[in-house]
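Q: Fold the following, please.
(4 chains)
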Number of protein chains: 4
Amino acid sequence: MPIRVTVWGENVHEHKNRTVAQVYPQTMHGTIAAALNGQDGITATTATLQDPDHGLTAARLAETDVLVWWGHAAHGEVQDAIVDRVCNAVWGGMGAIFLHSAHFAKPFKRLMGAPCNLTWREAGERERLWVTSRQHPIAAGLPDHFELEHEEMYGEPFGVPEPLETVFVSWFAGGEVFRSGLTYRRGAGNIFYFRPGHETYPTYHDANVQRVIANAVRWAHNPAPRIANPNDAPNVPVQSALEPITERGPRLHQDGQEGLR
Amino acid sequence: MPIRVTVWGENVHEHKNRTVAQVYPQTMHGTIAAALNGQDGITATTATLQDPDHGLTAARLAETDVLVWWGHAAHGEVQDAIVDRVCNAVWGGMGAIFLHSAHFAKPFKRLMGAPCNLTWREAGERERLWVTSRQHPIAAGLPDHFELEHEEMYGEPFGVPEPLETVFVSWFAGGEVFRSGLTYRRGAGNIFYFRPGHETYPTYHDANVQRVIANAVRWAHNPAPRIANPNDAPNVPVQSALEPITERGPRLHQDGQEGLR
Amino acid sequence: MPIRVTVWGENVHEHKNRTVAQVYPQTMHGTIAAALNGQDGITATTATLQDPDHGLTAARLAETDVLVWWGHAAHGEVQDAIVDRVCNAVWGGMGAIFLHSAHFAKPFKRLMGAPCNLTWREAGERERLWVTSRQHPIAAGLPDHFELEHEEMYGEPFGVPEPLETVFVSWFAGGEVFRSGLTYRRGAGNIFYFRPGHETYPTYHDANVQRVIANAVRWAHNPAPRIANPNDAPNVPVQSALEPITERGPRLHQDGQEGLR
Amino acid sequence: MPIRVTVWGENVHEHKNRTVAQVYPQTMHGTIAAALNGQDGITATTATLQDPDHGLTAARLAETDVLVWWGHAAHGEVQDAIVDRVCNAVWGGMGAIFLHSAHFAKPFKRLMGAPCNLTWREAGERERLWVTSRQHPIAAGLPDHFELEHEEMYGEPFGVPEPLETVFVSWFAGGEVFRSGLTYRRGAGNIFYFRPGHETYPTYHDANVQRVIANAVRWAHNPAPRIANPNDAPNVPVQSALEPITERGPRLHQDGQEGLR
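A: The predicted structure follows:
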C-alpha cells in the first residue's frame, strides 16, 4: 500500500504575485504533489488554506500518512483548532515535513516549542546544501552536496531545539550558514524540516530537492497504527498494579476519577 | 549576585484539601522557596495563580533568573497570554523547572511541543530515583539512588521529546518505571523536568528532593543577558552582506520590509 | 532481497556450563539466528569466536547487513584487528545490535567511546521492560510492557553516551532500573543496544525478545551502499574549489599530499 | 580555587617548520596556555609529546580539571597506554577540549567511537564561524559571528556522532561548511571539539578564538570529585538488594566473584 501524502499549500502568492504564478503555474503544492506522485510507493494529494477546515478535516488527517506543509504569507490565518488537530495527528503517528518559510507556521512552532527564528535576505543568491550525515535515508541517492543557483538566504542562529540528527547544512554566497535539514520526533510522529523553497525561485522543480522530499516522506512514514488518543493519561487502579501493592496514605482522587488537567 | 528564583504555585489544594494543608502549612511553593532560600547563592520568592497576571508580570519575569512551576488542579485557569509571556522569557534565557504534575502545565506543554502524557496511580507507594548520568551537576551531592517512601506513581511511556540528557529514572513498587529527571534547551533557556511532588505527601520536605531542585536552579541559570526579542527574525540587506553579492532574480519583499509571519 | 544478518556468538558457556547447554541446546547464537530466519525478509547465519578471524572476515562483513553480537566470558579473546574491522564496517553502514553482556564487548566499547559499566546481580529476578518511545519501529507489535520472569539484573548508572533515542527502560524486582533499549548512529551505521539475555535463562526463546531483535534488525539495516573507506579524509585542491578562491599564506602540505594522521 | 588546565601540544611543527616557528615563537600550546592564564579563575600549564609519558602521568591527570589537546603530525606516536589513561580520566570527570587537527587524535577518536573524518584544503581562505545556539555558555561574550581571515578548510560530512549541542557552524570562502563547535559527554567528562587552529596561521592569537577556548574550559569543568574507577561494574549481592528478593534459578557466578570482562 502506498504512503499517502497530503501536500498542504497556503496558496496565496501563486494568485497574487505574477512571478510566483509564472514559476509555479500548477501552484507550489501542486508541483510538489506531482513530483511525489512520480515516485514509487507514494500517492500525494493537496489541501489548501482556502478549503473548509483548510482541507484538514479529522477524516482527511486520518488518511494522511505524511503531511507536507508550505506557508508564508498567511500563517496567521490558519485556525488554532486546525493547528491542534494537526499536532494531535503528528503525536498519534502522522509524519510531517515542514518546508522553508513554514519555520514560522503555527503547527511547526507548536511542535518545536521554540521561537524558530532566523535571519533572511532575498537576493537570489547561491545556496549549496551539504550532507552532514553520511548515508542517511533522507540523503539517499544524493551527492555529498548540491546547489540551488537562486535562493533566499536563511541564516543562523536558527531558533529550534537540538534535532535528533542534522542531515544538511547550507552555505550561502553572502556569507551565512544554516542547518537546513533537521529531524525530530514528537509523540509517535516523525518530523523533518527542510529549508529550501522561496516562492519566487524554481526550487521545487529541482530534481535533488524533489528527491529529498520523497526520501523524507519515506523516512517520516510510521507504519504503526495511529494512536487514537495521543493525549490519554490513564489511571492504573491499585487493584491492577503489576506488582502487589497496598494503598497507603491520603488520597486526592476517587476511584475511577480522571486525572486533573 | 544571587540567582533570583520565582517559585510559582497554583495554590489551590493547600486551601481546599485538609491533607495538603497539613502537609504544607506554608503552602507548597512557600516550602520550596524556603528550602531554596537556605541555599548559598540563591534567593527565592513566590507567585501564585491568584495574583494579578498570576504574579508573572513582564517586570517580574525580567527579574527572574529561574522559574520553578508547580500546578495540578487548575492548569486550565492559567491565561494564554501569561503562557506566551513565560515561553518568551524562557526563549530569551530564563531557566525553568517544572515539577511533578506540571507535566500538563500549559507552559511545559507549549515548550515541549508534545503530549507530555503518562500513566498514574495514587497509592502512596515507594519510589526510588536512580541517577543515570554520573556526576551530572543536577545530581551533585546525591547518592546513586534515593527513596521517597510515599509517592504517586507516574509510568512510561512519558510523551515528551527526547531530552538532551536523562538524569534520573524512577522505580515504583507497583512495577512501573519513569524517566523522572530530564533536561532540555529551548531558545536560550534551560529547562528541567523533575517528577516527584504529589501534594498529599511530604516530598518537598525531603532533603534529597530539595537538593535536586537547588542543583537544577544552578544548572538552569543562564548568566547571559536576557534576549530582548527572542522571536526577532531580522532582514539582512543585500548591501550589508558579509560577502559581496549582487541581487538577482525576482523579489517578493521591498527594502526594509519585515518578514511575513 | 532479504536483510542478511550474521549472529555472532562467543560460544563458550554453551559448552562449558551444563545449564547453558540445556537452555540453549542449539547454542545461543543458533537460537537467535533460527528465530530471525522465521521472520519475513530476514536471512540469518552465525559466526563464532572459535572460527578463523572469529568468522568475521572482510568478505563476510561485506555480505552482512546487520551484525548481532553476544559475548560474555571471552571479551578479551577477541582480536583487536577484528574489532577494528567490525567498527569500520559499522562506520561504512553495517547495522549492529549488541545484546546483554556485550555492553563490555570490545566493539561496543570502541563504538561508544565510554566505559559502558553498570551494576549487576544474578538472582533470577523478574524484569519488566517498558516501551518509552510510543510506536517506535523497534517496539512494533509489542505491548506497552512485557516481562521476563527470570533475568540477571543490570542497574543504573549505565555508563554509555546519551542515545539518539531511549526505546525501553527496565524495572527489576530487586529495586533497580536500567535503560535497556538504546539507539545510536556511528558513521553510516545504526546501532542498537538491548539488555536482556543472561545465558542461564531462556530469554532468547521469548517471543517478545525475538520480536525486538527482528524489529531492531529492520531498523538498523541501512540499504545504502557500504562506504568503501569510511575513514577517508580527502584533500580538496584549490583548483577544484566550488567557489573561486586564490591560495594565500604559507602552506604545510605539498600538492597531492595526503593529510597527516 | 582556579580551574587547572593542561594544554597538551604535539610540539613538532614549531621546531621543524619555519613558518610555524615564526607564528608561534612560544609554541602553540604555550600560546594557548598564556591566553588562558590571562583569564580570571583559570590556571594553565603545558605538556608535550616529548615529555616522559607525554607529560600525562596519572598524577598530572589527577591534577588536571580540563585537558586541551592539539596534535597533527604525530598522532601515531602517542602511546596507547597514555590514550587509555586520558580516556579514563575523561570518564572519571576530567573535561577535554580537542582543537582543529585533533579530530584525528587517538583520544578523540577513542572517545567518539567514530571515524571523525572530513575534507580539507590548505589555501589560507576566509572562515566565518556562526553561533548556532544563542547565549550558549561557550559563546558567551561573542558576536553572532566572527571571522578568521586565513584558515585551513575543513568540510562536511564530518564523521562524528550527533553532539549534545551544535554551538558553531563555519562558512568557508571556497564553498564548504563545517560543524565547528560540538559538545559531548562521555562518562562524567564534558568534551568540546573546536575546529580552528591550523598551525601556519595566527589563529590562537585571535581574541575571539581565545575567548571560545576559555569559555569552553569553564563549561567543561566538572567540579564533582573525580570517579576513582570509572569502569567499575560492581556486583550487588542478593542479600543487599533494596527490595527483598529470593535467589531463583541457576547461577553462573559464585558469591563475591567479579563480573566477566
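Q: Would you mind measuring from the residue nearest the centre of chain A to residue A:221?
A: Closest to where the C-alpha atoms of chain A average out (CA atoms, centre = their mean) is residue A:97, at 2.5 Å. According to CB to CB, to the nearest Å, residue A:97 and residue A:221 sit 11 Å apart. The C-beta positions use only the backbone N, C-alpha and C, and glycine is treated the same way.
Q: Quickly list what's touching both of those two.
A: In terms of CB atoms under 8 Å, 6 or more residues apart in numbering or on different chains, residue A:97 and residue A:221 are both contacted by the residues residue A:66.
Q: Just give the closest residue to residue A:61, not the sequence neighbours.
A: residue A:89 (4.3 Å; CB to CB, 6 or more residues apart in numbering or on different chains).
Q: Show me what the helix or strand containing the one you found packs onto, helices and strands only.
A: Taking DSSP states H and E as the definition, one finds residue A:89 inside helix A:80-92. Applying 3 or more CB pairs under 8 Å, 6 or more residues apart in numbering or on different chains; DSSP states H and E, one finds that helix A:80-92 contacts helix A:58-62, strand A:66-70, helix A:106-112, strand A:177-186, strand A:189-194.
Q: The second one pairs with which strands, and in what direction?
A: So the one you mean is strand A:66-70. strand A:3-9 (parallel), strand A:95-99 (parallel) (DSSP bridges).
Q: just the longest one next, same as before
A: Here strand A:177-186 is paired, per DSSP bridges, with strand A:165-172 (antiparallel), strand A:189-194 (antiparallel).
Q: dump the residue contacts of the nearest residue to residue A:198 once chain neighbours are set aside.
A: Spatial nearest neighbour of residue A:198, chain neighbours left out: residue A:152 (3.7 Å); criterion: CB to CB, 6+ apart. Residues in contact with residue A:152 (CB under 8 Å, 6+ apart) are A:100, A:120-123, A:198, A:201.
Q: what's around the closest residue in space to residue A:225 that isn't next to it in sequence, how many residues?
A: Excluding its sequence neighbours, the residue lying closest to residue A:225 (CB to CB, 6+ apart) is residue A:93, at 7.5 Å. Residue A:93 has 21 neighbours, counted by other CB atoms under 10 Å in any protein chain shown.
Q: Ok, residue A:16 next?
A: If we define neighbours as other CB under 10 Å, then residue A:16 has 9 of them.
Q: Find me whatever residue is spatially closest to residue A:6, sequence neighbours aside.
A: Counting by CB to CB, 6+ apart, the residue nearest residue A:6 is residue A:64, at 4.3 Å.
Q: Check the one you found and give its pLDDT.
A: On the pLDDT scale, residue A:64 is placed at 98.
Q: where's it relative to chain B, distance?
A: Residue A:64 sits 19 Å away from chain B, going by CB to the nearest CB, to the nearest Å.
Q: Help me confirm that that residue comes into contact with residue A:94.
A: Yes: the pair residue A:64 / residue A:94 is scored as a contact, 6.0 Å apart, by CB atoms under 8 Å.
Q: And stretch A:221-230, how far out from the chain middle?
A: Relative to its parent chain, stretch A:221-230 has a centroid offset of 16 Å by CA atoms, centre = their mean, to the nearest Å.
Q: can you give me the helices in chain A?
A: Secondary structure of chain A, counting by DSSP state H: helices at A:13-16, A:18-23, A:28-37, A:58-62, A:80-92, A:106-112, A:207-220.
Q: Need the winner for burial among those.
A: The highest mean neighbour count among the helices of chain A, using mean count of other CB atoms under 10 Å in any protein chain shown, belongs to helix A:106-112: a mean of 25.
Q: Which positions in the stretch 151-261 of chain A make contact with chain C?
A: Contact residues (CB under 8 Å from any CB of the partner chain) of the stretch 151-261 of chain A with chain C: A:164-165, A:173, A:185, A:187-188, A:222-225, A:227, A:230, A:242-243.
Q: wait, which of the residues you listed is closest to residue B:104?
A: Nearest to residue B:104 among these: residue A:230, at 13.6 Å, using CB to CB.
Q: right, and the closest one touches residue A:92 too?
A: Yes: if you go by CB under 8 Å, residue A:230 and residue A:92 touch, sitting 4.3 Å apart.
Q: Which neighbours do those two have in common?
A: A:187-188.
Q: okay, and for chain A, where does confidence drop off?
A: Within chain A, the ranges that satisfy pLDDT under 70 run A:254-258.
Q: Next to chain D, which bits of it? Give me the list.
A: A:128, A:130-134, A:144, A:155-159, A:162, A:164-166, A:169-172, A:175-177, A:179.
Q: cutoff 7 Å now
A: A:128, A:130-134, A:144, A:156-159, A:162, A:165-166, A:169, A:171, A:175-177, A:179 (CB under 7 Å from any CB of the partner chain).
Q: Make a ChimeraX selection of the buried ones in these.
A: Command for ChimeraX that selects the buried part of the residues of chain A next to chain D, burial taken from 16 or more other CB atoms under 10 Å in any protein chain shown:
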select /A:128,130,131,132,133,134,156,157,158,159,162,165,166,169,171,175,176,177,179
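Q: need the contact list for residue A:145.
A: Residue A:145 makes contact with A:128-131, according to CB atoms under 7 Å, 6 or more residues apart in numbering or on different chains.
Q: For residue A:111, which residues are in contact?
A: Taking CB under 7 Å, 6+ apart as the contact definition, residue A:111 lies against A:87, A:90, A:186, A:191, B:113.
Q: And residue A:178, how far from residue A:140?
A: Residue A:178 is 22 Å from residue A:140, by CB to CB.
Q: Between the two, which is the more surrounded one?
A: Using other CB under 10 Å, the more surrounded residue of residue A:178 and residue A:140 is residue A:178, with 28 against 16.
Q: For the more buried one, give me its contacts.
A: Residue A:178 neighbours (CB under 7 Å, 6+ apart): A:154-156, A:158, A:169-170, A:195.
Q: Looking at those, which is nearest residue A:27?
A: Nearest to residue A:27 among the contacts of residue A:178, counting by CB to CB, is residue A:195 at 20.4 Å.
Q: so what's that closest one up against?
A: Residue A:195 neighbours (CB under 7 Å, 6+ apart): A:100, A:154, A:170, A:178, A:180.
Q: looking at the strands paired with strand A:66-70, which is buried most?
A: strand A:95-99 (a mean of 27).
Q: what's the spacing between the residue nearest to residue A:43 when sequence neighbours are not counted and residue A:31?
A: Nearest residue to residue A:43, sequence neighbours excluded (CB to CB, 6+ apart): residue A:2, at 4.4 Å. Residue A:2 sits at a distance of 19 Å from residue A:31 (criterion: CB to CB).
Q: before we move on, what about residue A:132?
A: Distance, residue A:132 to residue A:31, using CB to CB: 27 Å.
Q: Residue A:9 now?
A: 9 Å.
Q: overlap in contacts of these two?
A: Common neighbours of residue A:9 and residue A:31 (CB under 7 Å, 6+ apart) do not exist.
Q: count of residues packed around residue A:242?
A: With other CB under 10 Å as criterion, residue A:242 counts 16.
Q: next one: residue A:148
A: Residue A:148: 22 neighbours (other CB under 10 Å).
Q: residues touching it, list them.
A: A:127, A:196, A:203, A:206.
Q: Now distance to residue D:211 and neighbour count too, for the residues you listed, in TSV please.
A: As requested, those are arranged in TSV below (distance: CB to CB, whole Å; neighbours: other CB atoms under 10 Å in any protein chain shown):
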residue	distance to residue D:211	neighbour count
A:127	30	26
A:196	34	26
A:203	38	26
A:206	40	19
